[in-house]
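Asks: here is my input; please provide its structure:
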Amino acid sequence: MKNAWRRALQLLARRRMTAARLRERLRDEGYDHADVEATIERCLQERLLDDRLFARFYVESRSSPRGDARLTAELVQRGIDPDEAAEAVRDATPPEESRCAEALARLLRSRPRLTYPAAARALERRGFPATVIYRVLRDHARVHGPLAGLLDDGEEGDP
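Replies: Next comes the predicted model:
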């Protein structure tokens, strides 16, 4: 266990990880199953691993605004329990609607002639649900007027 413990400390000194990710790294490096599990348990006891804290930091540190569903899926991919992931995202600040409004503002800074359908698709790709997207787009139109143009980036189609 001594070597697995030393390696775990080296890995955790470089970056925060979930218990699942650390377990995977140690196993990939060939450490014995029992040593890996003992090391994970010790890390948990000594609070070197905290999946809830990891999830909270992950959600709060995203530089690009994302929807709750996408954030939850990203956390689950990183080994966070689905319920803990959903809780971390639910408790996130700012709330999803504010993050969606920020994502729209960023889109409009880079593409000022963005159309309503293109904006809705771009926000959907960022993981925001349709109900939030339409509410944010409606609120934006109420304050700033409708989005520019009828066609998306010069494409031809029905107005």
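Asks: check which helices and strands the worst-scoring helix or strand of the chain on mean pLDDT sits against.
Replies: Every helix and strand of the chain was ranked by mean pLDDT, DSSP states H and E. The lowest is helix 51-61, at a mean of 88. The helices and strands touching helix 51-61, judged by 3 or more Cβ pairs under 8 Å, 6 or more residues apart in numbering; DSSP states H and E, are helix 68-77, helix 82-90. Heads up, the C-betas are built off the backbone N, CA and C, glycines and all.
Asks: possible to save those helices as a markdown table with mean neighbour count and distance to residue 15?
Replies: A markdown table is the format used below for the helices and strands packed on helix 51-61 (neighbours: other Cβ atoms under 10 Å; distance: least, Cβ to Cβ, whole Å):
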| stretch | mean neighbour count | distance to residue 15 |
| --- | --- | --- |
| helix 68-77 | 18 | 16 |
| helix 82-90 | 17 | 18 |
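Asks: dump those to a markdown table, plus mean pLDDT.
Replies: Shown next, in a markdown table, are these (pLDDT from 0 to 100):
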| stretch | mean pLDDT |
| --- | --- |
| helix 68-77 | 93 |
| helix 82-90 | 91 |
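Asks: let me know which of those is the nearest to residue 99.
Replies: Checking the helices and strands packed on helix 51-61 against residue 99 by Cβ to Cβ gives helix 68-77 as the closest, at 8.6 Å.
Asks: can you name the residues in contact with stretch 129-139?
Replies: Applying Cβ atoms under 8 Å, 6 or more residues apart in numbering, the contact partners of stretch 129-139 are 67-69, 96-97, 100-101, 104, 116, 119-120, 123-124, 128, 147.
Asks: that stretch: which residues count as buried?
Replies: If you call a residue buried by 16 or more other Cβ atoms under 10 Å, then stretch 129-139 has these buried ones: 132-133, 136-137.
Asks: out of these, which two sit at the greatest distance?
Replies: 132 and 137 (9.6 Å).
Asks: just the buried ones out of the contacts of stretch 129-139, please.
Replies: If we count by 16+ other Cβ under 10 Å, the contacts of stretch 129-139 have these buried: 67-68, 96-97, 100-101, 104, 116, 119-120, 123, 128, 147.
Asks: max pairwise distance over those residues: which two?
Replies: 68 and 147 (23.9 Å).
Asks: OK, contacts around residue 142?
Replies: By Cβ under 8 Å, 6+ apart, the contact set of residue 142 is empty.
Asks: host element of it?
Replies: For residue 142, the host element (DSSP states H and E) is helix 130-144.
Asks: tell me how this structure divides into domains.
Replies: 2-45, 51-90, 96-144 (automatic domain parsing).
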